[in-house]
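Novice: pasted the sequence and its predicted model underneath.
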6 protein chains.
Amino acid sequence: MGNLTYKNEEQRKASVHALANGESLARMCHLRLSKEPLPQQNIIAEIISLSRSLLFPGFFSDCDVNSFNLEFMIGMQCEKLKAALENQILAGFMLTALADRDVDLLRSKAEAMAATFIEQLPALRHVLHTDVEAMFLGDPAAVSYEEVIYCYPAIKAIINYRIAHQLFVQGVPVIPRMISEMAHSETGIDIHPGATIGRYFAIDHGTGVVIGATAIIGEHVKIYQGVTLGAKSFALDENNNPIKGIPRHPIIGDNVVIYSNATILGRISIGSNAVIGGNIWVTSDVAEGEKLIQAKANNILRIKSDE
Amino acid sequence: MGNLTYKNEEQRKASVHALANGESLARMCHLRLSKEPLPQQNIIAEIISLSRSLLFPGFFSDCDVNSFNLEFMIGMQCEKLKAALENQILAGFMLTALADRDVDLLRSKAEAMAATFIEQLPALRHVLHTDVEAMFLGDPAAVSYEEVIYCYPAIKAIINYRIAHQLFVQGVPVIPRMISEMAHSETGIDIHPGATIGRYFAIDHGTGVVIGATAIIGEHVKIYQGVTLGAKSFALDENNNPIKGIPRHPIIGDNVVIYSNATILGRISIGSNAVIGGNIWVTSDVAEGEKLIQAKANNILRIKSDE
Amino acid sequence: MGNLTYKNEEQRKASVHALANGESLARMCHLRLSKEPLPQQNIIAEIISLSRSLLFPGFFSDCDVNSFNLEFMIGMQCEKLKAALENQILAGFMLTALADRDVDLLRSKAEAMAATFIEQLPALRHVLHTDVEAMFLGDPAAVSYEEVIYCYPAIKAIINYRIAHQLFVQGVPVIPRMISEMAHSETGIDIHPGATIGRYFAIDHGTGVVIGATAIIGEHVKIYQGVTLGAKSFALDENNNPIKGIPRHPIIGDNVVIYSNATILGRISIGSNAVIGGNIWVTSDVAEGEKLIQAKANNILRIKSDE
Amino acid sequence: MGNLTYKNEEQRKASVHALANGESLARMCHLRLSKEPLPQQNIIAEIISLSRSLLFPGFFSDCDVNSFNLEFMIGMQCEKLKAALENQILAGFMLTALADRDVDLLRSKAEAMAATFIEQLPALRHVLHTDVEAMFLGDPAAVSYEEVIYCYPAIKAIINYRIAHQLFVQGVPVIPRMISEMAHSETGIDIHPGATIGRYFAIDHGTGVVIGATAIIGEHVKIYQGVTLGAKSFALDENNNPIKGIPRHPIIGDNVVIYSNATILGRISIGSNAVIGGNIWVTSDVAEGEKLIQAKANNILRIKSDE
Amino acid sequence: MGNLTYKNEEQRKASVHALANGESLARMCHLRLSKEPLPQQNIIAEIISLSRSLLFPGFFSDCDVNSFNLEFMIGMQCEKLKAALENQILAGFMLTALADRDVDLLRSKAEAMAATFIEQLPALRHVLHTDVEAMFLGDPAAVSYEEVIYCYPAIKAIINYRIAHQLFVQGVPVIPRMISEMAHSETGIDIHPGATIGRYFAIDHGTGVVIGATAIIGEHVKIYQGVTLGAKSFALDENNNPIKGIPRHPIIGDNVVIYSNATILGRISIGSNAVIGGNIWVTSDVAEGEKLIQAKANNILRIKSDE
Amino acid sequence: MGNLTYKNEEQRKASVHALANGESLARMCHLRLSKEPLPQQNIIAEIISLSRSLLFPGFFSDCDVNSFNLEFMIGMQCEKLKAALENQILAGFMLTALADRDVDLLRSKAEAMAATFIEQLPALRHVLHTDVEAMFLGDPAAVSYEEVIYCYPAIKAIINYRIAHQLFVQGVPVIPRMISEMAHSETGIDIHPGATIGRYFAIDHGTGVVIGATAIIGEHVKIYQGVTLGAKSFALDENNNPIKGIPRHPIIGDNVVIYSNATILGRISIGSNAVIGGNIWVTSDVAEGEKLIQAKANNILRIKSDE
């Protein structure tokens, strides 16, 4: 028995050695070259939580908000957000920078970017206010603004998107994507931080929604669960891999409604005031005010129970 | 440098001031008027956890359950559940009540509602037992009741739905919706607490399922991933916004099976024993025992590899 | 008042008694017969976290990884993983074993299985390396391997699948399914641990993907959100319940691409190099190199805005 | 075996019943009559921690303090301190109040007392500043103010004393004693909150120091480890128990030094500028400027090694 | 630089190797031979916390205790206490048992000992009730039983002593000493679990009290801070080391009072109703009713300020 | 009411303003000039915990230590210890350094000092081994080495002292004192890190022991509770404050025993093999082998009970 145990121990030590050495580590292991930070899920989560709390004071805080403490709390949360953001923006730079990077320069850049982000918070709150209003007015089941803010997953997804988009626009690498993926995991709504989305944006239910990196969406647009605004096909390079960075997702006008599970693919335009019915597959332009609806369901077989 | 730092500090203080004041706060900030509770995700999570543990003793507890401690544990968990529920039901009332609310009255009401909920737990366990049985019998991959309870996301979604529905029926505001949204986030299954669902209810896989607030579902119904029981269109009021509270979702009979990604919209009836095939789009009544299946896929283009 | 409180207390004690006794407990309560472990979400979560950290050192750790500590850290994590796995494999056996089980024997078996799993980690890392490569090359929005590992939900789902599949193949009960369901909850991607999936597997977006227990997938396959590889119908036994254990999901060749929301049902074959377009419904074989695409959308009604 | 287990279980249930019932509970069990708070070690600990942080900003905080966040942090900490203090002051009242107490009245009183305490914090900081100065100047081993604040247990004991004394003077029941006992446990220094202690108070080492409830200490007093300022004897009532509330501890003048393990008992006066040597036992007045030192050690037997 | 870093890394690896190997490990390293438990501070702390809560329901619990939940809570706490005690008693056995120990036998013994301990809890509560009463009546500063229970460190020390003594008497190794040392650390009161102490035992202030392993103390005894009941000298064995297990501490009668810093050494008897004054050094018997007090302080030098 | 609340709020804001501004902050507030670390209790606690675990593997770890993981665990713990030490040594420098300090230089120095400390761990373990042996052999109540390591507070105090002394000797500011104060709080034993203490050092019970900064202690010395090795008087500077840094504590030879509450003051020598009895007051040299014992207690008044 002791002998067997010893043998097992040797085998396990061999596994440890195999996992810690050799070519299998290449690209799968992230050795730290210095003490600069790496992206960390828990700090990203704190960034999201602080941002939500600053944008909607009193809704997402652990602590009561009242007329005495409102400004103190916002001051403290700004301080914490700034520190967490600087850390993770720098982490994003370290991940993508070349070997001969200038850490001090990147750190200054990260600090400046975090400061800029905080300056944009009042503007972000204004836009999010329009989203909440759109969601409340557009859902017959919504009973109050508060219910929308507390209960609607789409609010969480859109907050994360607007935060991530702001950072994306400022040129922050990796972190915006991590922020939007956390909402994706939480809500099933997958909005790429690169997408451009106007005010009064509403999503109902939301699970399965995909909005691609180069999509452009107008104002007062409403989208239901399972809608994809995707790419139709990719230009391939000489190695048969997709070429990166080309506009490939739809442009959606103002006041458009897209019903559940509709799929809109490619760099096409959906004109303002258009309506895309559920389960519709769209790969070409739709004119202003046009409605696309499921025609008579002529490919469904109805088998009566007495057949 | 010091000067620059000072300037940044002033800017940040200005941001704090902007976030803590002015009209941007309207409807986005929840100042507490008194010490009454607000809805809190972590207390809702505890309510769900205690309810799951009471309904399925020994499955979701941290602690072992045995013949010695079973009744003690249930007693303690009932106590904790009652306290957490009272707190959050009152929070729901505070959120929706008018300014001149009578807090003591609402508190008594919350206590009575929490007590009623606990009295309903044995009945809820009976219904959930039928759901587990349906899930076990209906899935060829299920190997035991225990596997179903431990591993099937639909069980979690249905527990949350049945808890939330009980509270919804009792008239609890906001909290039922938060409970069902937590299951939505956890499982991708979005069942509105207002829906009415019979015994022996089964969902397979489940991601993307949406069941609307006024849907009525019979007994022995089985639903696959991506199924929507939704509203077709809303009656609009004079401001072009949907009128709230009108029955607008389907009525599903007994023994109905609805395959993946089918969409059933509007206040239509699906008769008992009907079968709705995958990806089918249904906006009109289906008779008892009728089967709707995807006809020959006549709008698919097959391009052979040698073309 | 005191009287009312006393009465409520009596009622609550009656509820406790009802919940702790009687036939309602049958199959809903898991009394522990001995001190052997039960499946526990938090230990499963630790198993996943340790495995991810061992497979991708430095990416998912709390702690920095460097050339000094790499082997020490891997050694410690192997030790912790072994302990957690032994515990949960035994828990799986206890759940499914007969009453007259031999606990010591099962414990030895659990220890051997955990040791085997750890020996397979280097091989699992090799396969996962191919998946990361496929995901990076196949997505025009991906900017680096690191971004793919940090941000792509599909990576998490595939790690969990490959871990769960390894345990499934070794004959571990229940636990593999719990591991894959945790990825399902995290990512909306539902891959049964019984499925067989080749190298260079890529999923984009992923929400709503379902891959059934007997599916077989070749190498270099890419799948988009909402794709179902499901069963068409079940053979029913004399009680009208599905017969368990029969191959009933598709076989997918090499280099196949399946676009969003396509549904492929039954034990059919999709030949190598085939392409299945979005929203396509497939229930019969597809030849090698064949492309199935949405034909002209002849069942969509276009209503121009001036109509 | 099963029979034995069952018997043990019955015995344990009997123990539970015995512990939960009967006269043994009298005065040993604290049933809650209502939802008002009870004293809680962890909230007391938070009160101490917040007070220390407010009095010495930047020394005892988790979080950095800088010119940007100083006022925000102090604002937030005042808010938290006020809430925790109100809760525990009310808890103190509930513990000591009669059965027919007016909870609303006590709550208002608790709120007012907490507010008053916070208003006294700047004054408390001024006094503590003198204590730190005395400790720094008086110890040849002290290298900086910062070292004194971080490392000297006496600072912690004196902070707690000054907080507790303030609350004691305001008439708060029980809580002041709990605050001073926490310092007693942390430092071995036992200062009753009722004692009156002047500015520039220093304690060195401190373990075993006892300062009684009615002691009065002047300014610039320094005390070493093991010093007792105690009561000599108690006036007894008809039941042979000590009569409560009579002045029974020493009065110490200004600039007095009391060396280690000296014991000073009874309502005697130690005049200003007096010095009490180590291990001295004092039960009668000491005049201004008098020095009491250990005389030639005439009751020690020296046994040489060659005896 | 890189070279220097590498060299440091090699040195550190050498330190690791030195610490993990060689004779320095002997008796300083506790390798686990099996999966049996080791003594753990945090489990001991839980044992103390549960015992305190069971003995004084409602005082030391996190959770409210009321007439509804009292028995449930006690039931749950007994269950947890039993599990923790079994674990640590077995840990004690493993630490002290010979190499060829019979683990199953020791486990059964541990279980039986834990069960016996729980059966003794009602009796322990009765004795502790007398201690609280003695402490309340004997201290002019005590205002209520509740204050004594919440605030007096001696209560914590005596609870731990009575728990530890019960386990010591049952023959549990190591664990009783760990329990009494935790009180020593918390209160500065060091009572060996082997000491025998009668009912109505009171300690005031307490820091520095030492009560040795073979001391015997009657009823209604009161002790002040700094009192030592110690051994005078040890019988030495042939290696000049103390012989273990010989009675060597004092026997104290009933109704004895021992004032602060008195030292009583050796197997002497202090007769009932005796009073030992502060700072007194006693190494021979004291008769019943005798009072030892500090005589006129003839070895103190008084130096007047004008000298 | 509202008016009163508003007034209170204004008052509280005034308190906040007073606490955050003005001269009261001077020397009481530690504003951070940069992002360098400050001393933190919790990191110091981690340093102590890791050191204890490295010096006594398997005794103070959360995790089992076995032949498989011993070196891995030590490796990981060295890594963590190094990081925590570097951080806190730098914190010590920042606290004491001048305004124009060179942070990069101090950081390198901190790193080098932490590395040196880790290299000294094997030597520290050797010395601590002698202390454990002395404690075991010298106490008739000790039953095993393991009991000594687990239960004797003196072991914890001596570990902390030896760690702190090593850092003190290396020139680390502030942190050594914090380490020894944590043992002081935990055990009541106050050993200044500057003291020099030989091998085989034993303390029994220990509460109240004070060993001053310039004390020198030989080998095989044993000390009981309440012993002070202190300074007799300080040389004062022109401001009447003690002059810092002068040798002022005793020198103790080898094989000396000092019984409880003895006080030894000033730069005197206690010769090897001397014995100092309990409660003895010593301010002049004691010759080699001399024994000082309490003479016949001629200043104690015995009052017989019949007097």
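Specialist: Nice, I can see it.
Novice: tell me the helix or strand right after the lengthiest helix in chain A.
Specialist: In chain A, taking DSSP state H as the definition, the longest helix is helix A:70-96. The helix or strand immediately downstream of helix A:70-96 is helix A:103-119, counting by DSSP states H and E.
Novice: near chain B at all, the helix or strand following that next one?
Specialist: Counting by DSSP H and E, the next helix or strand C-terminal to helix A:103-119 is helix A:121-138. Yes: Helix A:121-138 lies within reach of chain B by Cβ under 8 Å from any Cβ of the partner chain, at A:121-122, A:125-126, A:128-129, A:132, A:137-138. Any C-beta I mention is one placed from the backbone N, CA and C, and that applies to glycine too.
Novice: ok and the longest helix of chain A relative to helix A:121-138, angle-wise?
Specialist: 100 degrees (axes from the mean of the first three to the mean of the last three Cα atoms, to 10 degrees).
Novice: helix A:70-96 - contacts with which helices or strands?
Specialist: When contacts are defined as 3 or more Cβ pairs under 8 Å, 6 or more residues apart in numbering or on different chains; DSSP states H and E, helix A:70-96 packs onto helix A:41-55, helix A:103-119, helix A:175-187, helix B:2-20, helix C:145-151, helix D:70-96.
Novice: what angle sits between that helix and helix A:103-119?
Specialist: Going by the same axes, to 10 degrees, helix A:70-96 makes 140 degrees with helix A:103-119.
Novice: just the pLDDT at A:Ser24, thanks.
Specialist: If you check A:Ser24, the pLDDT there is 68.
Novice: which residues touch the closest residue to A:Val209 other than its chain neighbours?
Specialist: Leaving out its chain neighbours, the residue that sits closest to A:Val209 by Cβ to Cβ, 6 or more residues apart in numbering or on different chains is A:Ile189, at 4.6 Å. Going by Cβ atoms under 8 Å, 6 or more residues apart in numbering or on different chains, A:Ile189 touches A:153-154, A:157, A:183, A:203, A:206-207, A:209.
Novice: how much space separates A:Ile189 from chain B?
Specialist: From A:Ile189 across to chain B, the span is 11 Å (Cβ to the nearest Cβ, to the nearest Å).
Novice: ok, back up a step: nearest to B:Glu9 among the residues of helix A:121-138 next to chain B?
Specialist: B:Glu9 lies nearest to A:Leu121 out of those, by Cβ to Cβ, at 16.4 Å.
Novice: ok, how many other residues are close to A:Gly171?
Specialist: Using other Cβ atoms under 10 Å in any protein chain shown, A:Gly171 is surrounded by 12 other residues.
Novice: same question, the one 4 residues further on
Specialist: Residues within reach of A:Ile175, counting by other Cβ under 10 Å, total 28.
Novice: A:Phe168 contacts A:Pro176, doesn't it?
Specialist: Yes: with contact defined as Cβ atoms under 8 Å, A:Phe168 reaches A:Pro176; the gap is 4.2 Å.
Novice: with neighbour numbers in mind, choose between those two.
Specialist: Remark: of A:Phe168 and A:Pro176, A:Pro176 carries more neighbours, 25 against 21, as counted by other Cβ under 10 Å.
Novice: isn't the more buried one up against A:Arg162?
Specialist: No: using Cβ under 8 Å, A:Pro176 is not in contact with A:Arg162, being 10.8 Å away.
Novice: hmm, back to that, which of the contacts of A:Ile189 sits closest to chain C?
Specialist: For these, the residue nearest chain C by Cβ to the nearest Cβ is A:Thr207; the value is 6.6 Å.
Novice: tell me if I'm right that the closest one and B:Gln225 touch.
Specialist: No: with contact defined as Cβ under 8 Å, A:Thr207 does not reach B:Gln225; the gap is 10.0 Å.
Novice: which of the helices or strands spans the residue in the stretch 51-200 of chain A positioned nearest to chain B?
Specialist: Here the stretch 51-200 of chain A gets closest to chain B at one residue, A:Gly58, 3.4 Å apart by Cβ to the nearest Cβ. Per DSSP H and E, A:Gly58 falls between elements, in no helix or strand.
Novice: okay, it: pLDDT?
Specialist: On pLDDT, A:Gly58 comes in at 82.
Novice: phi, psi of it?
Specialist: phi 90, psi -10 (degrees, to the nearest 10).
Novice: ok, now how distant is it from F:Arg12?
Specialist: Distance of A:Gly58 to F:Arg12, computed by Cβ to Cβ, to the nearest Å: 19 Å.
Novice: what's the most buried one of the helices and strands packed on helix A:70-96?
Specialist: Compared across the helices and strands packed on helix A:70-96, helix A:175-187 shows the largest average neighbour count, a mean of 24 (mean count of other Cβ atoms under 10 Å in any protein chain shown).
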